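**Q** Sequence first, predicted model second:
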Amino acid sequence: MDQLDMFNSEPVQAPEPENSQYASLEELLETIRQMDDDPLATAGTRIVISRGNTQARLLLIGEAPGPEENIQGRPFVGRAGKLLDKILQAAEFDPDEDIYITNSVFRMPPGTDGKAFRKPGNEEIEYYRPYVREIIRLIDPHVMLLMGNVACYSILGQTGITRLRGQWFQQQGRWIMPIFHPSYLLRNPSKAPGSPKALMWEDIREVRKKIDELSKK
């Protein structure tokens, strides 16, 4: 699906700190860790923020933690995360050194109809957006990858990942590319030309070129 399922609810304004900016990343992360009034606080799931190198030039933003991330307290450590690491390593990125990874929402949204979890809704994305933007400002990456529709909505205000993927956008001097979420690749495992996996590899190679190009400047 190109459109998110839950974008008809009224957005909730996230509480913003005075001056709306933090002096350091650690100050911001500690504030997020102490959250207890966010839209998902009553779900009983834990805060999961980020992993990787805070000095990285490449920032990846996903959707929300899943069950494995909720257990371990780190993003992208389940099946989708392992696939993402393999793709990055194939493009000669070190997931521990070259990348910082976070999500658009910091708690796992509880599922319905027997599902373990669901995609974040509009009000949840709106609530966490100021904190995600602060992470971006404090990490100050050269390049950002938006994995899936939720991240595209949070940062670009757009959805339609099959249309947006592979395109470069610029925002505040940063290069931004939407790409498929790795969980989508798990649901579509074909490697045939034009398949999600093949398109993802094309996109990651373009990101590798962009990083190399920027490092020469």
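**A** Done, it's in.

**Q** Kindly provide the distance from Pro120 to Cys152.
**A** When C-beta to C-beta, to the nearest Å is the yardstick, Pro120 and Cys152 sit 13 Å from each other. (C-beta placed from N, C-alpha, C; glycine too.)

**Q** Break down the chain into its helices, ranges please.
**A** 25-33, 67-72, 79-90, 122-139, 149-156, 161-164, 182-187, 196-215 (DSSP state H).

**Q** what's the closest of these to Leu40?
**A** Nearest to Leu40 among the helices of the chain is helix 122-139 (6.2 Å), distances taken as C-beta to C-beta.

**Q** how close does the closest residue to Thr112 other than its chain neighbours get to Glu92?
**A** Closest residue to Thr112 apart from its sequence neighbours, by C-beta to C-beta, 6 or more residues apart in numbering: Arg118 at 6.4 Å. Per C-beta to C-beta, Arg118 is found 35 Å from Glu92.

**Q** doesn't Phe76 make contact with Leu84?
**A** Yes - counting by C-beta atoms under 8 Å, Phe76 is a contact partner of Leu84 at 5.7 Å.

**Q** what is in contact with those two at once?
**A** When contacts are counted by C-beta atoms under 8 Å, 6 or more residues apart in numbering, Leu84 and Phe76 have 60, 182 as shared neighbours.

**Q** Need the winner for burial among the helices of the chain.
**A** Most buried of the helices of the chain by mean neighbour count (mean count of other C-beta atoms under 10 Å) is helix 149-156; its value is a mean of 23.

**Q** Now do that helix and helix 122-139, the angle between them.
**A** Helix 149-156 runs at 60 degrees relative to helix 122-139, counting by axes from the mean of the first three to the mean of the last three C-alpha atoms, to 10 degrees.

**Q** All set, thanks.
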